[in-house]
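Asks: next comes the sequence, and after it the predicted model I'd like to discuss.
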Number of protein chains: 4
Amino acid sequence: MSTDPTPSDTATLLVSCPDRRGLVAALAQLLYGHGANILDADQHTDTLAGMFFQRIRFDMSEMHTDRVTLERAIAEVAERFRMSWSLRYAADRKRMAIFVSRYDHCLYDLLLRHKAGELICEIPLIVSNHPDLEEVAKQFDIAFHFVPITGKNKREQEEREIGLLRDQNIDLIVLARYMQILSTEFTEAFPARIINIHHSFLPAFVGGKPYHQAYGRGVKLIGATAHYATSDLDEGPIIEQDVIRTSHRDSLDDLVCKGRDVERSVLARAVRWHLEDRVLVYDNRTVVFH
Amino acid sequence: MSTDPTPSDTATLLVSCPDRRGLVAALAQLLYGHGANILDADQHTDTLAGMFFQRIRFDMSEMHTDRVTLERAIAEVAERFRMSWSLRYAADRKRMAIFVSRYDHCLYDLLLRHKAGELICEIPLIVSNHPDLEEVAKQFDIAFHFVPITGKNKREQEEREIGLLRDQNIDLIVLARYMQILSTEFTEAFPARIINIHHSFLPAFVGGKPYHQAYGRGVKLIGATAHYATSDLDEGPIIEQDVIRTSHRDSLDDLVCKGRDVERSVLARAVRWHLEDRVLVYDNRTVVFH
Amino acid sequence: MSTDPTPSDTATLLVSCPDRRGLVAALAQLLYGHGANILDADQHTDTLAGMFFQRIRFDMSEMHTDRVTLERAIAEVAERFRMSWSLRYAADRKRMAIFVSRYDHCLYDLLLRHKAGELICEIPLIVSNHPDLEEVAKQFDIAFHFVPITGKNKREQEEREIGLLRDQNIDLIVLARYMQILSTEFTEAFPARIINIHHSFLPAFVGGKPYHQAYGRGVKLIGATAHYATSDLDEGPIIEQDVIRTSHRDSLDDLVCKGRDVERSVLARAVRWHLEDRVLVYDNRTVVFH
Amino acid sequence: MSTDPTPSDTATLLVSCPDRRGLVAALAQLLYGHGANILDADQHTDTLAGMFFQRIRFDMSEMHTDRVTLERAIAEVAERFRMSWSLRYAADRKRMAIFVSRYDHCLYDLLLRHKAGELICEIPLIVSNHPDLEEVAKQFDIAFHFVPITGKNKREQEEREIGLLRDQNIDLIVLARYMQILSTEFTEAFPARIINIHHSFLPAFVGGKPYHQAYGRGVKLIGATAHYATSDLDEGPIIEQDVIRTSHRDSLDDLVCKGRDVERSVLARAVRWHLEDRVLVYDNRTVVFH
C-alpha cells in the first residue's frame, strides 16, 4: 500500500485467548483470504497467564467479501481457538458521553481535542450533577443534562442516566472529574466502558482529597491515573498514569493547579486509546497497544 | 566576584526558625560585617506552618575574622530569632558510610560518581550483612566490614556498627539497597543522617517486594524514593522521587531491571543534595534547596 | 508571617548588576528599614560574567512608608551598586496582548489558564492577521483586532498594531503561533516584552516547517521553545523548552498533533514566569527564578 | 504457550520490503508450517515510502525442521516479496567491541549492564587510542587494545583495528565517547553496525564541544543522541535520544556532569535494542520495535 487508505475503510480487530501455536497465522490467513490488507498488527503474550492478545487494523477497501461474511469467518476461527474478540469498523464512530461536576479543565480539554480531530467519536451528551458547566456545553453545541443527585434520589437518578445512555447508544462514558461515586449497578451496566480520572498516582492516595494527602506526606511528584471504573472504588484496571514534579515551594493550591495539567493529559490519552480500540482488559490489568 | 572562589574557602549556613521580619537582613548584615561574600542564597517560607528556612553559601577568602568569631556571632543572632542552624565548611569534607547487601547497582553508582567528583565527601567504609560485594570495595580501595545479622545477634551487631560509625566520625549513612531493617535505637542515633532508597513511589507499595506489588496492580509507571530513615519503616521524610514508564510487556524481571536505573539516580541525587547541605527536615517533610 | 499576605499587598523587585560584596545585605536592610517583609528571595551569581541577579518578593502590608519613598531609596542603592532594577506592584496587573493567526490551541490554553487564575494579568486584546479566531475571542469577552498583512502594507499595519499596543498600555505581547515575522522596528519597540513560541527544540530546526524538518531527520523527540523575540529570527533569549517522545510510527500529522501539547505547555510556563517577574535577560540568555 | 521457552531456543526475524497484501500471512504461515511458535511480532508500514517492516521473535523448541530448511523457506518467501531479511538465533550471541578514549562513564555503564545480564552479548575486546582505561578493562577481564592514532598513522592503525574486529567476528562496534573520527573506509566496512553516542540533541550542536555550544546558546535542556555512524559525521540514522533539564545555575562543568547521565542511558538503550534485533534502518532513519 503506497497510499493511506481512507480511514473510514478500515476496521480494528481485538482478540484475546489462551496462547496456542497457529493463532497468528490463522487470523492473518483469514484476512488475506478476504482481501483485507493488514495495516498494523501488534500482539502480546502473557507467558505467566498463558494468554495471547492481538490488535489488527486492516484496510477493507479491496475486500472481496462483505461485513457479514467476514464476521462469520472470524467467529469460526474464534470458536476454534476459544477467542474473545471484538471488531470495530472505523466508519461506525463510537459515541461518548462526558460526566462532569464543577471542574472544567478536563471537559474543555476533551472538547478541544475532539474539535481538533484528535478524538474520533461523536459526543452527543454531557451529564452533570451541577448546572455550572452548561455554558461550556453550549459553546460546543452539545446537549447538557443536569441530573442533580442527593442521598435519596441516587438510585432513580442513576436509572435515568442509564436510560439516557442507552437511548443514545453510548459506547464510552468518561468521568471528567465527576464528583459522584457510581453505584455497583451503574458500573456493572458498562463494563470496561467507563473511564475515570483519579487525581493521584494510584494506588497511592486512594479516596477523597488526594492532593491533601500528597501535601501531607511531602511527596516530590504528584500524579494522575486513568482507569476503568469498577464497583471497587479506585481499584479498576489502570489504563494510563503520569506524574509531575513538585517541591517544598508548592502550596496545596499549587498542587491542585499542577495536577490539572496531568489529569487532563492522562485522561485524554486513555480516552484516545480506548476510542482507537487499543485497550484490552484482563485480570484487572490492561494491555495497551500503542 | 568575577572569579570563582576556591570551593574549600566556602561555607554553607542552614537556618530554620519561626518566620519574622528582619531575618534576611540580620543574616546578610552579619556576613557582610565579617567580610564574607554571599555566593548563593535561597530561602523558603512555609506560611501554613509559619516557618522560615534559608541556605546561604558564602566565600570566606576575604573574611576579616576567624571561624570562632563568626560562629559566635551567628549563635547570637540565632538566639535572638530562635533559629536552628548548622554551619559546614567546605574544607571539612563530610564522611559517608555505605551499607549494602547483595545488589551492587547503587553501590557502583555512588562509587563511580564519587570517583568522578560528583559527590564531594570521604567514603572510609562500606558495611554489609553479606560478604558478596567485598570485591567491589577493594576495586575502589575502601575498607569493607562484613557484619552478618541474625535474629539473635541483631542488637549486638548493630552496636558494633554504631561503634564503627562513631569511630570513623561518619556524617552520613547511605542504605544502598541494604536489606535489613534498622532498629529504632540505630535510626535514632543518626537523625536525618541515614538515607534509604526504597524501590517504589512511596507511599505506594510500602514494605517488602514493591515490584511484585506493582506488577500485581498493573501500574503504568514504577518509581523509587530516597528518604531519611526513621523508626517508622518507609515513613521518613522524602528527599527525592522519580518514576519510569512501564507497560504490559514488562515482566516482573523487567520491572526490577528498569527499577535499578531509577533507584540509583534517585539515591545519587538525594545523597548529593545532603552532602551539599541543601536539605532541611521539619514536620516529616523536607525543604530541598536546588 | 504565619498568614499569607493579600497578594495585592506584595511587590517584586528584580535586580542585576556587577557582583560585589554587600549587595544582599544592602537590599535586605533597605526593605527591613521600610517595614517590608521578604516573602521570597532568590539570587544568582554568574561568576564567568561577574554578574549578580536577584528577585525579591516582599509584603508591603505593614510598611511604614509609601511607594515613592521606597522607590527613591531603591534608586539610591541602585546607583551605588550600578544596578539595573525594576519594581512591580502586584496590585498593578500586567496587561497582555495575544497575537494569533489560525491555530487555536495556544490561544485556548492561555485563555483557559487565565480564566482558571493561573495567569494573573489583564488581556485587553487579541490581534490576528486572519479573521478565523474572532469567535474564540468573543467567547472569552476579549476585543479582537483583525489586522491583515500583505507584503505591501506590512509597515503601516505594524505601526497600527504598535499604536494599539501603546494605547492599551500593553506590558507583554504573546505570539501564540502568530505566523508573521515581525520587523526589527516592532521587536525593538518592545525589548524582552514579546514572547514567541517556536515549534522545535531550538537551535535545531530554525525557520519554517520545523516538523517537516524533524520528520526528515528521523529524530526521536520533538520539542518547543519559548523565547523573547528579537530582530534575529529564532535567535532570541530562550525562556523555556520541552520535548515529547516520538517514534517511527508517527506521521508528520502525528508530530504536529503531539507538538501542539508541548507548544502550549511551554508557552504557558514562559508567559507565567514573565508575568510573575521571574525572568531576567542578559547576554542573550535568561535567568529564570522558579 | 503457558511457560516461557528457554531464550536460547528462540530466534528473531527482521524483514523489510515494499508493502503488499499477504506479507503477514505468508510469514506467519511459513513459521507455523515449521512448528515455530510466534512469541512477539511487531510490524510497521511507512505509507509514505510504501515500505513494510516486521520483527518476529519465535520459539524453536518444538520445530519439526532444522535451521537450514527454515532459512531456505524464508529465502523463498523473501524472493517472492522482494524482502531484505536477517535471522538471528538467540543461541548465537552477538559479539561487541567497545571503543573508548579517556572518559569512563559510558564504558563502566555498558560493562555493569553486561554483568547484570541486561546486555546479552560477548564483549571480547576494548579498543582505545589512549592507555588510560586499561585498568577498567582488567577489572572486567576483557582484552584491552591500545591503538594510538596520529595524523600520520591513522590509515594503517584503522586497518589494524579492522583486522582485529574481523578476527574476533565482531557484530557490533560501540563508540563509547571515542574521540577519534573514523574514516569513510572504516564506517563503510561496518554499515549499521557502529553505534556512536553524540553528546547533544542532534541536529542541534553538531561537531565538537556541543556542551560549550549549548552553554553559549542558553538552552534549557541538554541531550544526547545514539546513532549509527556513517561517513557523514553526526548525520547517521538516529536510534535513540533523550534530554535532561538545565538552568541558569548550571556552569559548563555542570552541563558536562548532567550530560554524562543522559549519554550513558541513551547509549545503553540503543545498544540493547540493537543486540535484541529491534532496529531496522532505511532512508537514513530507524524503525525501532520496542
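Replies: Now that the structure is in, tell me what you want to look at. Numbers count the residues shown, from 1 in each chain, chains lettered A, B, ... in the order given.
Asks: so residue A:59 bridges to which residues?
Replies: residue A:10, residue A:37 (DSSP bridges).
Asks: neighbours around it, how many?
Replies: When neighbours are counted by other C-beta atoms under 10 Å in any protein chain shown, residue A:59 registers 22. Glycine gets a C-beta too; all of them are placed from N, C-alpha and C.
Asks: who in chain A is up against chain B?
Replies: Residues of chain A lying close to chain B (C-beta under 8 Å from any C-beta of the partner chain) are A:44, A:46-48, A:201-205, A:217-221, A:223, A:237-243, A:247-249, A:251, A:284-288, A:290.
Asks: now the buried members of those.
Replies: In the residues of chain A next to chain B, burial by neighbour count holds for A:44, A:46, A:201-205, A:217-221, A:223, A:237-243, A:248, A:284-288, counting by 16 or more other C-beta atoms under 10 Å in any protein chain shown.
Asks: so which of those sit within strands?
Replies: Using DSSP state E, the subset of those located in strands is A:44, A:46, A:221, A:223, A:238-243, A:285-288.
Asks: ok so, going back, the buried ones among the residues of chain A next to chain B: which ones sit near chain C?
Replies: Of those, not one also sits near chain C (C-beta under 8 Å from any C-beta).
Asks: got the phi and psi for the residue nearest to residue A:134 when sequence neighbours are not counted?
Replies: Distances taken as C-beta to C-beta, 6 or more residues apart in numbering or on different chains put residue A:144 closest to residue A:134, at 4.6 Å, once the chain neighbours are dropped. The phi/psi pair for residue A:144 (degrees, to the nearest 10) reads phi -120, psi 120.
Asks: residues contacting residue A:144?
Replies: With contact taken as C-beta atoms under 8 Å, 6 or more residues apart in numbering or on different chains, residue A:144 is in contact with A:125-126, A:128, A:133-134, A:137-138.
Asks: how far away from the center of its chain is the helix or strand hosting residue A:114?
Replies: Assigned by DSSP states H and E, residue A:114 belongs to helix A:105-115. Relative to its chain's centre, helix A:105-115 lies at 15 Å (C-alpha atoms, centre = their mean, to the nearest Å).
Asks: what about the residue of the stretch 51-200 of chain A found nearest chain D, neighbour count?
Replies: With C-beta to the nearest C-beta, the shortest gap between the stretch 51-200 of chain A and chain D falls at residue A:62, namely 7.7 Å. By the measure other C-beta under 10 Å, the count of residues near residue A:62 is 13.
Asks: report the separation between it and residue A:9.
Replies: Applying C-beta to C-beta, to the nearest Å, the value for residue A:62 to residue A:9 is 9 Å.
Asks: ok, residue A:107 next?
Replies: Residue A:107 is 32 Å from residue A:9, by C-beta to C-beta.
Asks: of these two, who's got more company?
Replies: residue A:107 (24 against 15).
Asks: show me the contacts for that one.
Replies: Neighbouring residues of residue A:107 by C-beta under 8 Å, 6+ apart: A:98, A:100, A:126, A:133, A:136, A:176-177.
Asks: give me the contact list for the helix or strand bottoming out on mean pLDDT in chain A.
Replies: Counting by mean pLDDT, DSSP states H and E, chain A has its least confident helix or strand at strand A:37-46, which shows a mean of 92. Identification of contacts with strand A:37-46 by C-beta under 8 Å, 6+ apart yields A:1, A:5, A:10, A:19, A:24, A:28, A:31, A:51-59, A:62, A:282, A:287, A:289, B:248-249, D:1, D:21, D:23-24, D:38-45.
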